[in-house]
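# Could you work out the structure for the sequence below:
(one chain, ligands or ions: 1)
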Amino acid sequence: MINKTELQQQLAALGAGYRQQLAHELPELLQLLNEPLSDRLRQQLEQRLHKIAGSAGTFGHAELGEQARTLELQCREQDNLSLLHKHLKYGIGHMQRLLDSTQSDQPATPKTPELPGSVMSAASHRIALLVPNNALSAQIGNTLGSFGYQVHLAEQIPVAGDDQQPDYDALIIDLDPLPDARATLQQLAQQQPTQPLPLLAISSDNSFELQLLAVRAGASGFFSKPVDLTALENRLENSLNSHQQSPARVLVVDDDEQLATRYLTVLSAAGMRCEHLQDPTLLLHTMHRFQPDVVLMDINMPSVNGAELARLIRLHDSWLRVPVIYLSAESDSTRQLAALLQAGDDFISKPISDQRLLTSVTARVQRARSISQALSRDSLTGLLKHADIKEQIGLECERALRQQQPLSLIMLDIDHFKRVNDTYGHAAGDNVIRGLANLLRQRLRKLDRIGRYGGEEFVALLPNCAANDAATVIDDIRQSFSQLLFSGPEGTFQCSFSAGIACCAAPDWDATELLERADQQLYAAKHAGRNRVILEQR
Ligand SMILES: Nc1nc2c(ncn2[C@@H]2O[C@H](COP(=O)(O)OP(=O)(O)OP(=O)(O)O)[C@@H](O)[C@H]2O)c(=O)[nH]1
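Prediction:
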């Protein structure tokens, strides 16, 4: 991701290019007015003014853009051609003067947009622990360590560095031993950066007042004592996930190359992945290849209009969840509504400021992602549902065969889970399921696929991973899981799981029965006494 200075330089270069283009375009428009105004000429002028009206504001020439919009409307509505001719001549001359009044070596650059916090990679998260009680801090440290977090003990509130980026990803704080918990929370509230990092507070004081102070300090979790450690880890993971999502993917469909480049520069600088599509005939191919989270669509393009393209996207079930936002210089609200009725989700009128563009796209992506998550993910664990993980098995097998790489499939089942439910209750059982799901997610790689296959049964797919390596990884996770302490009404308890592994690899690439083969190994592990991993021998 580029920094603020680089972004400013890039925007300044784009602004200079745009200014140069206007410096050619305006005299050309004036030249056209040397001829009498025909219907064809009037149409041509309307289109060219429309383009300026939609872009000038974005490049910092707001007044010039408004003048272009007024003239565009006059081209559309004024029947008296000689009067129109006079208005156009005067108006375009005024635009020329406005352009001249901005220094060519200092292009009118709009305010640089605020960049959201940096997007983290999948690397293990660093957690600062301000928990002076040794026993509690050891319990939390051990549990989080099992989940793969790097835990650091802090003696005082970690202070953000000069660049406002603290060297930890989340803070867990026990308020009880502090001399003044309220003052500490107030101090935290004051030093919050624009995008606060996850904060989890622990206290035996459950009062409304303290919880409110915690919220003001940016807390995303509040835990009473005794602390339910797996619930704490679960909240930590959710907070980190919403804080550090993978970059948004934005497809910009616009025939105006300069404007599209500016959108791409602004959005990319905020960490988004962007593509510009100029040739509408490549739309379906690009959607398929790039898989955008959101499409920004121009309305008026030479060969096809944006509403038609939005309808084309909506013909396909797999893209129903992708929002289409029209970015258009169309100011007529009846036409805007007509475009929305055909397809599409929102309308943003050009010119659009960089900040508004960023905010609109970010909000749309977040909403589309949470809807998609709710539809395809299991609500208890956030893992893929049965049908989705089965689909992934098919896709990953095809990919493994194509790339001639091994693919390991692991089936896991929690041992004697009925007994857990019967002894500690269904809610405690749910906590165990969630704990195993989080452990798998934290310890496996980003490219691995994990699904909840049945009640307490899970499937993990490890691409480009040989059977022996998969066995080592999952056995390590098995040991960590068996050491986790879960909380029930009668006190704490521990659980274990059994796992079976099958792999398709050279020279045998048969992937069709992979799931069944892993299931047989799982059955063998249960039969051999549980709490073990059995690898298919071939
Ligand atoms: N708490 C909770 N329990 C569930 C859920 N889904 C399934 N279960 C329970 O999981 C238990 C599974 O029990 P069994 O299939 O008999 O197996 P087990 O007791 O785990 O024994 P082994 O697999 O042989 O080690 C059943 O009691 C289900 O009711 C869930 O979402 N939450």
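
# Residue in the stretch 251-400 of the chain with the shortest distance to the ligand?
Closest contact between the stretch 251-400 of the chain and the ligand, by C-beta to the nearest ligand atom, is at residue 380 (5.9 Å). For the C-beta atoms, the positions are set from N, CA and C on the backbone; glycine is no exception.

# and the spatially closest residue to residue 502 that is not a sequence neighbour, what helix or strand is that in?
Of all residues not flanking residue 502 in the chain, residue 517 sits nearest, at 3.7 Å (C-beta to C-beta, 6 or more residues apart in numbering). For residue 517, the host element (DSSP states H and E) is helix 514-527.

# Same check on residue 18?
Using DSSP H and E, the element containing residue 18 is helix 4-32.

# tell me what that helix is packed against?
On a contact count with 3 or more C-beta pairs under 8 Å, 6 or more residues apart in numbering; DSSP states H and E, helix 4-32 meets helix 39-55, helix 81-101, helix 257-269.

# so which of those is the most packed in?
Among the helices and strands packed on helix 4-32, helix 257-269 has the highest mean neighbour count (mean count of other C-beta atoms under 10 Å), at a mean of 20.

# Skip ahead from that helix and say which helix or strand is next.
Taking DSSP H and E, what comes next after helix 257-269 is strand 273-277.

# Would you map out the domains in this protein?
With domains defined by automatic domain parsing, the chain comprises 4-101, 126-243, 249-376, 386-535.

# Give me the contact status of the last one with the ligand.
Translated: domain 386-535. Yes. Judged by C-beta under 6 Å from any ligand atom, domain 386-535 comes into contact with the ligand through 413-419, 421, 426, 429-430, 433, 455-456, 526, 530.

# any idea of the mean pLDDT in that domain?
Mean pLDDT, computed over domain 386-535, is 91.

# Surely residue 470 is in contact with residue 502?
No. Contact criterion C-beta atoms under 8 Å: residue 470 and residue 502 do not qualify, at 9.5 Å.

# tell me, what's touching the two both at once?
Between them, residue 470 and residue 502 share these contacting residues under C-beta atoms under 8 Å, 6 or more residues apart in numbering: residue 408.

# related to what we said a few turns ago, the helix holding residue 517: which residues count as buried?
514-515, 517-522, 525-526 (16 or more other C-beta atoms under 10 Å).

# Does that helix pack against any helices or strands, and if so which?
In terms of contacts (3+ C-beta pairs under 8 Å, 6+ apart), helix 514-527 is packed against helix 386-403, strand 407-414, strand 497-504, strand 533-535.

# tell me what the first one is packed against?
I take that to be helix 386-403. Going by 3+ C-beta pairs under 8 Å, 6+ apart, helix 386-403 lies up against strand 407-414, strand 449-452, strand 457-463, strand 497-504, helix 514-527.

# how about the nearest residue to residue 255, chain neighbours excluded?
Nearest residue to residue 255, sequence neighbours excluded (C-beta to C-beta, 6+ apart): residue 301, at 4.6 Å.

# Residues of this protein that sit close to the ligand?
380, 413-419, 421, 426, 429-430, 433, 455-456, 526, 530.

# Which ones among these lie within strands?
413-414 (DSSP state E).

# So which of the residues of the chain next to the ligand sit within helices?
If you go by DSSP state H, those have 417-419, 421, 426, 429-430, 433, 526 in helices.

# circling back: restricted to buried residues, select the residues of domain 386-535 next to the ligand in ChimeraX.
Buried residues within the residues of domain 386-535 next to the ligand, by 16+ other C-beta under 10 Å, are selected in ChimeraX with:
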select :413,414,415,417,421,429,433,456,526
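
# which of the residues of domain 386-535 next to the ligand lies closest to residue 187?
residue 430 (36.5 Å; C-beta to C-beta).

# excluding its backbone neighbours, what's nearest that closest one?
Distance criterion C-beta to C-beta, 6+ apart; nearest residue to residue 430, sequence neighbours excluded, is residue 380 at 6.0 Å.

# now that neighbour: how far from residue 200?
Note on residue 380: its distance to residue 200, by C-beta to C-beta, to the nearest Å, is 21 Å.

# so what's residue 178 up against?
Per C-beta under 8 Å, 6+ apart, neighbours of residue 178: 132, 184.

# Repeat that for residue 522.
With contact taken as C-beta under 8 Å, 6+ apart, residue 522 is in contact with 411-413, 498-500, 534.

# Residue ranges in the stretch 1-150 of the chain under the pLDDT threshold?
1-4, 103-123 (pLDDT under 70).

# Tell me the residue of the stretch 101-250 of the chain that sits nearest the ligand?
Nearest to the ligand, among the residues of the stretch 101-250 of the chain, is residue 230, at 13.3 Å (C-beta to the nearest ligand atom).
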